[in-house]
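K.L.:
just coords:
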């Protein structure tokens, strides 16, 4: 038995709500996955702040209709579709999906949408090669720490250099 109109409207509203805060949405063909495998995918995506929604293509079409940011996703709507919706940490979400696909070998990445632009599967996989937000924070902190260390060494060297100069001048005058 299919879903009632109220259930469908609720699902469309839920998808719209998830898309409000999303940075990236990509579409996969989930044909052949078991319920436990889909649960595994959802569990892998959760730490990255991403969601896996399975809905009929017509419901996703309704959810993105009129929204210019997400409308390009309509070009990927065919067959059985699952929608992976990523928040701020796009790289982690894509990495989680790639690990899942490598483990199951059952899904196909069709494409996605980011900032109103349709992306190919290759472009989305390239996003997975980027460092995660935490890794970027670490790199920035390391760079800031290196700069402050160099400044501290430079500041510390000024009095020592001055003292050596004074000593050299006083030795020269004494001789």
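P.N.:
Arrived safely, thanks for sending. Here the structure is a predicted model, which is why all the values come from computation and not from measurement.
K.L.:
now the closest residue to residue 117 other than its chain neighbours: how far from residue 113?
P.N.:
Excluding its sequence neighbours, the residue lying closest to residue 117 (CB to CB, 6 or more residues apart in numbering) is residue 72, at 6.8 Å. In this view, the C-beta of every residue, glycine as well, is placed from N, C-alpha and C. As judged by CB to CB, to the nearest Å, residue 72 and residue 113 stand 5 Å apart.
K.L.:
all strands for this protein, in order.
P.N.:
Along the chain, the stretches classed as strands by DSSP state E are 24-29, 50-54, 81-86, 108-114, 117-119.
K.L.:
got these as TSV, with mean neighbour count, mean pLDDT and distance to residue 96 columns?
P.N.:
Compiled in TSV, the strands of the chain are given as follows (neighbours: other CB atoms under 10 Å; pLDDT from 0 to 100; distance: least, CB to CB, whole Å):
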stretch	mean neighbour count	mean pLDDT	distance to residue 96
strand 24-29	24	90	12
strand 50-54	21	90	7
strand 81-86	24	90	9
strand 108-114	20	88	13
strand 117-119	15	85	17
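K.L.:
can you put the ones you listed in JSON lines and add distance to residue 9?
P.N.:
JSON lines is the format used below for the strands of the chain (distance: least, CB to CB, whole Å):
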{"stretch": "strand 24-29", "distance to residue 9": "20"}
{"stretch": "strand 50-54", "distance to residue 9": "15"}
{"stretch": "strand 81-86", "distance to residue 9": "17"}
{"stretch": "strand 108-114", "distance to residue 9": "23"}
{"stretch": "strand 117-119", "distance to residue 9": "27"}
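K.L.:
and the nearest residue to residue 94 once chain neighbours are set aside, what does it touch?
P.N.:
Among residues not flanking residue 94 along the chain, residue 128 sits closest, at 3.4 Å (CB to CB, 6+ apart). Counting by CB atoms under 8 Å, 6 or more residues apart in numbering, residue 128 touches 91, 94-95, 97-98.
K.L.:
low-confidence bits of this structure, can you list those?
P.N.:
Scanning the chain for pLDDT under 70 picks out the ranges 1-2, 132, 175.
K.L.:
give me the most central residue, it.
P.N.:
Taking CA atoms, centre = their mean as the criterion, residue 90 is the residue nearest the geometric centre of the chain, at 1.0 Å.
K.L.:
which residues of the protein fall in helices?
P.N.:
5-20, 35-45, 57-64, 90-104, 121-128, 133-174 (DSSP state H).
K.L.:
export the ones you listed to TSV and tack on distance to residue 82?
P.N.:
TSV is the format used below for those (distance: least, CB to CB, whole Å):
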stretch	distance to residue 82
helix 5-20	12
helix 35-45	7
helix 57-64	10
helix 90-104	10
helix 121-128	14
helix 133-174	24
